[in-house]
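S.K.: got a sequence here, can you build the structure:
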Amino acid sequence: MNPESTYVSTGQKLFRNPELLINWVNGKPKPNSLQVALTEECTLRCSFCSVANREKKFVFEYNDLISATQKFIDLGIKTVEATGGGDPLCYDRLCDYIDFCYSNNLQIGLITNGIFINKVLTTDQRNKLTWIRISANTLDYRSHLDLPTDYTGTLGFSYCYHSESTVERLKHIREVAIDNNVEYVRLVPNCIATLEEQNENNKKLLALATELGPPIFYQTKTFKTPANCYWGYMKPFLYPDNFVYACSSSPLNEDANKQFNPIYRWFHWTDTDKIYNSPITSCIDTSHCSHCVFSGQNELLEYALNEQTHDKFI
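M.R.: Down below sits the predicted model:
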C-alpha cells in the first residue's frame, strides 16, 4: 500500500470513483469532497503558516454554513473535510456541524493542531470522524500532545519541515506516533519557497523520510502553473468569507499575500447550482498560479474533458 495515494489527495482516487469521471467526460461535473474552513482563528502562530496574513475576522455564520453545505450535499458530495484557514477546533459550533454532516451520511475528516481535541470533542463526536490529521508541528511549540486514546478512525500526523526544524525533532515525532498508534506521519516541505528551493526540499526530505522509515512518508510538492484550473469542481474549498475557492494552494501564490486573497475567489456559495449547471470552464485565470500543487490533477481532468485522437487505443 502506497501511503501517499491512500492518505492524501493526489488525484489517483478518481479512478476508484468512475462515476465522477463519467459525469466529467459528459460535461456534467459533480463535486465529491467539500473542504471547509470554518474559522480564521487559531491557537498557534506557526512561522511557516501559508495564511499568516489572514485578517482573523472571518468565522462562518452557522446558518450560512449549513445552507452552503446543503448545496453540495444536493449535488452528491460524499465527504467533508473540516480544515484550515484557522483551526476547526476554534469554531464554537464544530460539534453541531459534525452532527449535521454525520446525519447526512457524509464521511468526515478533521485537520487540526490537536491542542483542544479532547476538550472540544466528546468520544462520540470524535468517532463520527472517518479520520483525524493532527499537525505534529504543535510539538515545535509545546512539549506534549494530548492525543485521543479511544478513537476508532484513522489517526495521522502531518509535519511541515521548515527552517527551524531538525532531524532530532522529526525522530521525536516518529516516536510519539509509534507510541500512540498513529497510522502515518506525512512529511511535507514548507511550500512558501521558490521553485529552486522546493526542488531541493523534495530531494532532501524524500531521502530523510526514507532513512527514518515508516510510519513517516514524504509527499512531494511540485510547483507548476496549469494551463487551466478544474480541480475545484471535484474538491471545492469553502472559506468563511462565504466564497468558494478553486483549491487550498491559492495562498501560496506570490500575489496572494499569505491569505485567501479575494483575487482567487471562484464564486459565492449561493451560486453553487449555477456553477455546476453551466458549461465547464477554468475555475480561475491560472496565469498567476505560480505555486499550484494540483497541476497533475488538472492535467488529468483536462485530458478527460477533451476528446482524444485514437482514444480507444489505451
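S.K.: and Ala304, what helix or strand is that in?
M.R.: helix 295-305 (DSSP states H and E).
S.K.: flag every buried residue along that helix.
M.R.: By 16 or more other C-beta atoms under 10 Å, the buried positions in helix 295-305 come out as Ser295, Gly296, Gln297, Asn298, Glu299, Leu300, Leu301, Ala304, Leu305. Where you see a C-beta, it was placed from the backbone N, CA and C, and this is true even at glycine.
S.K.: and if you look at stretch 223-235?
M.R.: Neighbour-count burial for stretch 223-235, counted by 16+ other C-beta under 10 Å, picks out Phe223, Pro226, Asn228, Cys229, Tyr230, Trp231, Gly232, Tyr233, Met234, Lys235.
S.K.: tell me how far Ala177 lies from Ser158.
M.R.: Between Ala177 and Ser158 the computed distance is 11 Å (C-beta to C-beta, to the nearest Å).
S.K.: can you pull out the strands in the stretch 201-314 of the chain?
M.R.: With DSSP state E, counting those that start in this stretch, the ranges of strands along the stretch 201-314 of the chain come out as 216-218, 237-238, 243-245, 265-268.
S.K.: I'd like the distance from the second one to the chain centre, please.
M.R.: With C-alpha atoms, centre = their mean, to the nearest Å as the basis, strand 237-238 stands 10 Å off its chain's centre.
S.K.: do the third one as well
M.R.: The offset between the C-alpha centroid of strand 243-245 and the centroid of the whole chain comes to 14 Å, using C-alpha atoms, centre = their mean.
S.K.: in its sheet, what does it sit against?
M.R.: strand 237-238 (antiparallel), strand 265-268 (antiparallel) (DSSP bridges).
S.K.: list the residues that contact the nearest residue to Trp269 once chain neighbours are set aside.
M.R.: With C-beta to C-beta, 6 or more residues apart in numbering as the criterion, Trp269 has its nearest non-adjacent residue at 3.9 Å, and that residue is Ala68. Each residue near Ala68 by C-beta atoms under 8 Å, 6 or more residues apart in numbering is listed here: Leu238, Asn242, Trp269, Thr272.
S.K.: can you count the residues close to the first one?
M.R.: Leu238 is flanked by 25 other residues according to other C-beta atoms under 10 Å.
S.K.: now do Gln107
M.R.: Applying other C-beta under 10 Å, we find 17 residues neighbouring Gln107.
S.K.: then Leu21?
M.R.: Leu21, neighbours per other C-beta under 10 Å, totals 16.
S.K.: immediately after the helix or strand that contains it, which helix or strand?
M.R.: If you go by DSSP H and E, Leu21 is part of helix 18-25. Using DSSP H and E, the helix or strand that follows helix 18-25 in sequence is strand 33-37.
S.K.: parallel or antiparallel, list what pairs with that following strand.
M.R.: Strand 33-37 has the following strand partners under DSSP bridges: strand 79-83 (parallel), strand 237-238 (parallel).
S.K.: CA-only coordinates of the helix holding Leu21 in PDB, if you can.
M.R.: Taking C-alpha atoms only, helix 18-25 is exported to PDB below (Å, rounded to 0.1, in the frame of the first residue of the first chain):
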ATOM      1  CA  PRO A  18     -15.500   6.200 -12.000                       C
ATOM      2  CA  GLU A  19     -18.900   7.900 -11.800                       C
ATOM      3  CA  LEU A  20     -17.100  11.200 -11.200                       C
ATOM      4  CA  LEU A  21     -15.000  10.800 -14.400                       C
ATOM      5  CA  ILE A  22     -18.100   9.700 -16.400                       C
ATOM      6  CA  ASN A  23     -20.000  12.800 -15.400                       C
ATOM      7  CA  TRP A  24     -17.000  14.900 -16.100                       C
ATOM      8  CA  VAL A  25     -16.500  13.500 -19.600                       C
END
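S.K.: return the distance of it from the chain's centre.
M.R.: 22 Å.
S.K.: what does stretch 7-18 give?
M.R.: Centre-to-centre, stretch 7-18 and its host chain are 14 Å apart (C-alpha atoms, centre = their mean).
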